[in-house]
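K.L.:
Coordinates for the following, if possible.
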Amino acid sequence: MTAFRRVERRSVPDEVFQQLVDGVVDGELGPGASLPAERQLAEVLGVSRPAVREALQRLAQTGLVEVRQGGGTTVRDYRSHAGLDLLPRLLIRAGQLDTAVVRSIMEARLTVGQEVAALAATRAGASLETPLRQAISALSDTEDPVGQQRHALVFWSHVVDGADSIVFRLMFNNLRAAYEPALDALSTVLGAEVGRVSYYVSVADAIVAGDAALAKQQAAELLRLATDEMDGVLRALEASAEA
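P.N.:
Prediction:
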């Protein structure tokens, strides 16, 4: 059985859940593996059975395990069954930044951002003028790199609202949750993007004008700034790790 650690605080399902997630994502609990019974897990972790039961239910809801009535709990392949909410956990693996996950996030951000901008131009158009201009003004007036990133997120949140797509909204929420905790660390890379206010103005102009094709093009040019910068950083990290 994997080396579970006793949970210091009693009856805390969040801590139990996190340990189990770590085991699945880090490969200690591979696809097809059977988890110990509730009673055994509770004893090993030093928590109550209800805490273990709640953690297992959450694991099942996230697609990481399959719970069979009377048949135990089996680990599933998270690559096939998990959702975007797992992204923040995948960023750091065994204490190291997973560059492949970072690259995937940036690629998704670039691709989805273009489509969201096009939809916003089609579905919202001029109604977004005030919130977009206000976000750009706040971005322009801010010199702090982290503050600039936050204002950029507000700008894109308005664009996503204008796209009027619940799927894109949920994707945006999860992508933001994946890198928002690391805004300080990302300030240098994202500075290549959030410091270019004129690019935001171009995106806003196209959206307000209702020009979907131009909005998509301008959004691609804006988002590619940080994507290319991040790719350079990741390549350097990967080369350093191989050296």
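K.L.:
Name the SS class of the residue sitting furthest away from the middle of the chain, please.
P.N.:
Here the centre of the chain is the reference, and by C-alpha atoms, centre = their mean the most remote residue is residue 70, at 35.0 Å. The assignment at residue 70 comes out as coil when based on DSSP: H, G, I helix; E, B strand; the rest coil.
K.L.:
and the gap between it and residue 37?
P.N.:
Per C-beta to C-beta, to the nearest Å, residue 70 is found 11 Å from residue 37. Bear in mind the C-beta positions are built from the backbone N, C-alpha and C, glycine included.
K.L.:
And for residue 54?
P.N.:
The value you get for residue 54 to residue 37, if C-beta to C-beta is used, is 15 Å.
K.L.:
Repeat that for residue 239.
P.N.:
47 Å.
K.L.:
Next, the contact list for residue 54, please.
P.N.:
Neighbouring residues of residue 54 by C-beta atoms under 8 Å, 6 or more residues apart in numbering: 13, 16, 17.
K.L.:
from those, which ones fall inside helices?
P.N.:
Among the contacts of residue 54, the ones falling in helices (DSSP state H) are 13, 16, 17.
K.L.:
ok, residue 40 - contacts?
P.N.:
No contacts exist for residue 40 under C-beta under 8 Å, 6+ apart.
K.L.:
Please identify the helix or strand for it.
P.N.:
Element membership of residue 40, judged by DSSP states H and E, is helix 38-45.
K.L.:
same check, this time on residue 50
P.N.:
Short version, using DSSP H and E: residue 50 is in helix 49-61.
K.L.:
cool, residue 106 as well?
P.N.:
helix 99-123.
K.L.:
on contacts alone, who are the packing partners of that helix?
P.N.:
In terms of contacts (3 or more C-beta pairs under 8 Å, 6 or more residues apart in numbering; DSSP states H and E), helix 99-123 is packed against helix 87-91, helix 145-163, helix 166-179, helix 197-208, helix 212-242.
K.L.:
Tabulate these in TSV, adding columns for mean neighbour count.
P.N.:
Listed next are the helices and strands packed on helix 99-123 as TSV, based on neighbours: other C-beta atoms under 10 Å:
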stretch	mean neighbour count
helix 87-91	18
helix 145-163	21
helix 166-179	16
helix 197-208	20
helix 212-242	17
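K.L.:
Now render those as CSV, adding mean pLDDT.
P.N.:
Formatted as CSV, those follow (pLDDT from 0 to 100):
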stretch, mean pLDDT
helix 87-91, 80
helix 145-163, 95
helix 166-179, 88
helix 197-208, 98
helix 212-242, 91
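K.L.:
and of those, who's closest to residue 191?
P.N.:
helix 145-163 (5.2 Å; C-beta to C-beta).
K.L.:
what's the angle from that closest one to helix 166-179?
P.N.:
170 degrees (axes from the mean of the first three to the mean of the last three C-alpha atoms, to 10 degrees).
K.L.:
Give me the contacts around helix 145-163.
P.N.:
113, 115-117, 119-121, 123-125, 127-128, 131-132, 135-136, 138-139, 142, 168-169, 172, 176, 180, 183-184, 186-188, 190-191, 193-195, 200, 203-204, 207.
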